[in-house]
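Asks: got a structure for you, letters missing:
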């Protein structure tokens with residue numbers, strides 16, 4: 001029996017699937033509006049063009065990778081895909097509703113929340129549910145801190161370098177990096193806690209066969 005025929009197929013979660021599709025559709029619509037008329041989307045001088053390119057690429061990364069490499073050996077990871085899409089959707093929605101300029105703490109919340117959400121998604125996609133807490137936190141730091149740094153560099157290049165806000169950018173950047181790191185670590189602790197309680201075991205089924213083979217190889221040949 002080949003590896004493909006032994007892959008466990010998990011039932012598609014209807015609510016999560018629906019939310020994922022709706023979030024992607026709404027994201028694309030808001031990006032089009034923001035790109036055509038940045039003022040309507042409250043995206044003037046906020047890198048609307050860069051977001052219009054980067055966010056669809058990020059939101060459709062998992063579907064592309066799954067279609068090319070995982071389709072024949074894994075169920076689609078709807079929850080992780082929704083979480084990644086949510087990070088893009090929430091940022092554009094926050095701008096559309098002018099929350100960044102009207103709620104003083106909203107930007108800090110987004111750095112904390114979105115870094116945590118995308119870190120949790122990567123953990124679900126790349127780690128087995130039997131992973132230890134230390135390894136999970138280590139992965140979260142690698143993903144979360146790197147992601148936070150990349151975001152700050154992209155933010156500066158896209159619009160902060162040309163904005164009056166650059167005067168306070170150093171302090172703001174340090175705060176954003178700290179919040180992103182905290183969010184990533186808390187996400188790792190939460191995911192590991194849910195794993196321990198028997199939750200989220202079917203979030204990344206593409207890892208099951210690899211884990212079984214690795215365990216058998218580590219155990220050595222059967223006498």
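Replies: All right, it came through fine. The structure displayed is predicted, hence computed values, not measured ones.
Asks: point out where this protein drops to low pLDDT.
Replies: For the chain, applying pLDDT under 70 flags the ranges 1-9, 41, 45-46, 156-171, 204-223.
Asks: so how far is residue 38 from the residue nearest the centre of the chain?
Replies: Relative to the mean C-alpha position of the chain, the nearest C-alpha, by C-alpha atoms, centre = their mean, is the one of residue 118, at 2.4 Å. Counting by C-beta to C-beta, to the nearest Å, the gap from residue 118 to residue 38 is 25 Å. Quick note: C-beta positions are derived from backbone N, CA and C, even for glycine.
Asks: host element of the residue nearest to the centre of the chain?
Replies: Per DSSP states H and E: residue 118 is located in helix 106-126.
Asks: which helices and strands sit right next to that helix?
Replies: Contacts defined by 3 or more C-beta pairs under 8 Å, 6 or more residues apart in numbering; DSSP states H and E place helix 106-126 against helix 78-96, helix 99-102, helix 133-158, helix 169-196.
Asks: would you mind finding the most buried of the ones you listed?
Replies: helix 78-96 (a mean of 22; mean count of other C-beta atoms under 10 Å).
Asks: and the contacts of it?
Replies: For helix 78-96, contacts defined as C-beta atoms under 8 Å, 6 or more residues apart in numbering pick out 12-13, 16-17, 19-20, 23-24, 26-27, 30-31, 33-34, 41-43, 46, 51, 55, 58-59, 61-63, 100, 106, 110, 113-114, 117-118, 120-122, 124-125, 200, 203-204.
Asks: try 6 Å this time
Replies: Outside helix 78-96, the residues that touch it by C-beta atoms under 6 Å, 6 or more residues apart in numbering are 13, 16-17, 19-20, 23-24, 27, 30, 41-43, 55, 58-59, 62, 100, 114, 117-118, 121, 124-125, 203.
Asks: now do stretch 183-201
Replies: Under C-beta under 6 Å, 6+ apart, the answer for stretch 183-201 is 112, 115, 116, 119, 120, 123, 129, 133, 136, 137, 140, 144.
Asks: roughly how far does the nearest residue to the third one once chain neighbours are set aside sit from residue 150?
Replies: I take that to be residue 116. With C-beta to C-beta, 6 or more residues apart in numbering as the criterion, residue 116 has its nearest non-adjacent residue at 3.3 Å, and that residue is residue 183. Applying C-beta to C-beta, the value for residue 183 to residue 150 is 15 Å.
Asks: which of the contacts of helix 78-96 fall in helices?
Replies: 16-17, 19-20, 23-24, 27, 30, 55, 58-59, 62, 100, 114, 117-118, 121, 124-125 (DSSP state H).
Asks: need the contacts of stretch 183-201 in a markdown table with distance to residue 173, can you?
Replies: Listed next are the contacts of stretch 183-201 as a markdown table, based on distance: C-beta to C-beta, whole Å:
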| residue | distance to residue 173 |
| --- | --- |
| 112 | 14 |
| 115 | 14 |
| 116 | 18 |
| 119 | 19 |
| 120 | 23 |
| 123 | 25 |
| 129 | 35 |
| 133 | 29 |
| 136 | 27 |
| 137 | 23 |
| 140 | 20 |
| 144 | 15 |
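Asks: farthest-separated two in these?
Replies: Within those, 112 and 129 form the most distant pair, 24.9 Å apart (C-beta to C-beta).
Asks: can you give me the neighbour number for residue 121?
Replies: Residues contacting residue 121 under the criterion other C-beta atoms under 10 Å number 26.
Asks: actually residue 42, not the one I wrote
Replies: Around residue 42 there are 19 residues (other C-beta under 10 Å).
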